[in-house]
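Undergrad: What follows is a predicted structure for the sequence shown.
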Amino acid sequence: KAGVTQTPRYLIKTRGQQVTLSCSPISGHRSVSWYQQTPGQGLQFLFEYFSETQRNKGNFPGRFSGRQFSNSRSEMNVSTLELGDSALYLCASSNPASTNEKLFFGSGTQLSVL
Amino acid sequence: QKEVEQNSGPLSVPEGAIASLNCTYSDRGSQSFFWYRQYSGKSPELIMFIYSNGDKEDGRFTAQLNKASQYVSLLIRDSQPSDSATYLCAVTMDTGRRALTFGSGTRLQVQP
């Protein structure tokens, strides 16, 4: 069974640009959540999607948005990039039918904003 | 005050010893508690989860939860050099949701 796939693996952008990151969950998993990881702030929850609907949202500005498609694949978008957006963006999928809420993380997209 | 607090370490233990990792959380409404292990340059991997007060054992790992004290810990018995990693404590208020609040992690070093 393939794991969580995130693309691209690395990305370099400049301030003011926008970026779209992609996540393909494990087959059969319908919940996809996104996290930002930085050395200073650690892992922070961005949002969670289930059945194409955003179920939860973290404390991030509106520049951060996401969506989920009918095949459970998800994208997140960051507009008007700032230097502080440089981070590892992790996607995690899970099977809501499971009782143990196990999150399976992808390898992440390392975003550098110059 | 951060919602989930962990000592950043490094916590250094000799091979074969018990490593004790601690975590406190501020929200009394927290329902579910998780320990993730993250090797350098890798993504987090769930190793334990616990919902009820008391101990939960899985192999060499034991998670302990005390909701009254808002305290959760992870014990690793017979520590191995391969256990050297950062251990992240995470909590969520809403069972069934995937909005986890993570601590900043404790770096564990197991000395051969």
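TA: Now that the structure is in, tell me what you want to look at.
Undergrad: Show me which residues of chain B are close to chain A?
TA: Residues of chain B lying close to chain A (C-beta under 8 Å from any C-beta of the partner chain) are B:32, B:34, B:42-46, B:49, B:88, B:90, B:92, B:95-105. (C-beta placed from N, C-alpha, C; glycine too.)
Undergrad: Output the lowest mean pLDDT helix or strand found in chain A.
TA: Lowest by mean pLDDT, DSSP states H and E among the helices and strands of chain A is strand A:53-57, with a mean of 90.
Undergrad: Show me what it packs onto, helices and strands only.
TA: Strand A:53-57 is packed against strand A:42-50, strand A:64-68, with contacts defined by 3 or more C-beta pairs under 8 Å, 6 or more residues apart in numbering or on different chains; DSSP states H and E.
Undergrad: B:Gln70 is nearest to which of those strands?
TA: Nearest to B:Gln70, of all these, is strand A:42-50, at 18.9 Å by C-beta to C-beta.
Undergrad: Just give the strands next to the helix or strand harbouring B:Arg107 in its sheet, each with its orientation.
TA: Using DSSP states H and E, B:Arg107 falls within strand B:106-111. Sheet pairing here is set by DSSP bridges, and for strand B:106-111 it gives strand B:11-14 (parallel), strand B:85-92 (antiparallel).
Undergrad: Just the buried positions in the first one, please.
TA: The one in question is strand B:11-14. Neighbour counts over strand B:11-14 (16 or more other C-beta atoms under 10 Å in any protein chain shown) mark B:Leu11, B:Val13 as buried.
Undergrad: do stretch A:63-74 as well
TA: A:Phe64, A:Ser65, A:Gly66, A:Gln68, A:Ser72, A:Arg73, A:Ser74.
Undergrad: The fifth one is in contact with A:Cys23, isn't it?
TA: No: between A:Ser72 and A:Cys23 there is no contact, the gap being 9.3 Å when judged by C-beta atoms under 8 Å.
Undergrad: For those two, list the residues in contact with both.
TA: A:Val32, A:Ser93 (C-beta atoms under 8 Å, 6 or more residues apart in numbering or on different chains).
Undergrad: which residues of chain B score low on pLDDT?
TA: By pLDDT under 70, the low-scoring segments of chain B are B:1-2, B:94-97.
Undergrad: buried residues in the strand holding B:Arg107?
TA: Neighbour-count burial for strand B:106-111 [16+ other C-beta under 10 Å]: B:Thr106, B:Arg107, B:Leu108, B:Val110.
Undergrad: biggest separation within those residues, which pair?
TA: Distance extremes for the buried residues of strand B:106-111: the farthest pair is B:Thr106 and B:Val110 at 12.8 Å, using C-beta to C-beta.
Undergrad: Next, show the common contact partners of those two.
TA: With the criterion set as C-beta under 8 Å, 6+ apart, the contacts of B:Thr106 and B:Val110 do not overlap.
Undergrad: Mind listing what's buried along stretch A:17-36?
TA: The neighbour-count check on stretch A:17-36 (16+ other C-beta under 10 Å) flags A:19, A:21, A:23-26, A:29-36 as buried.
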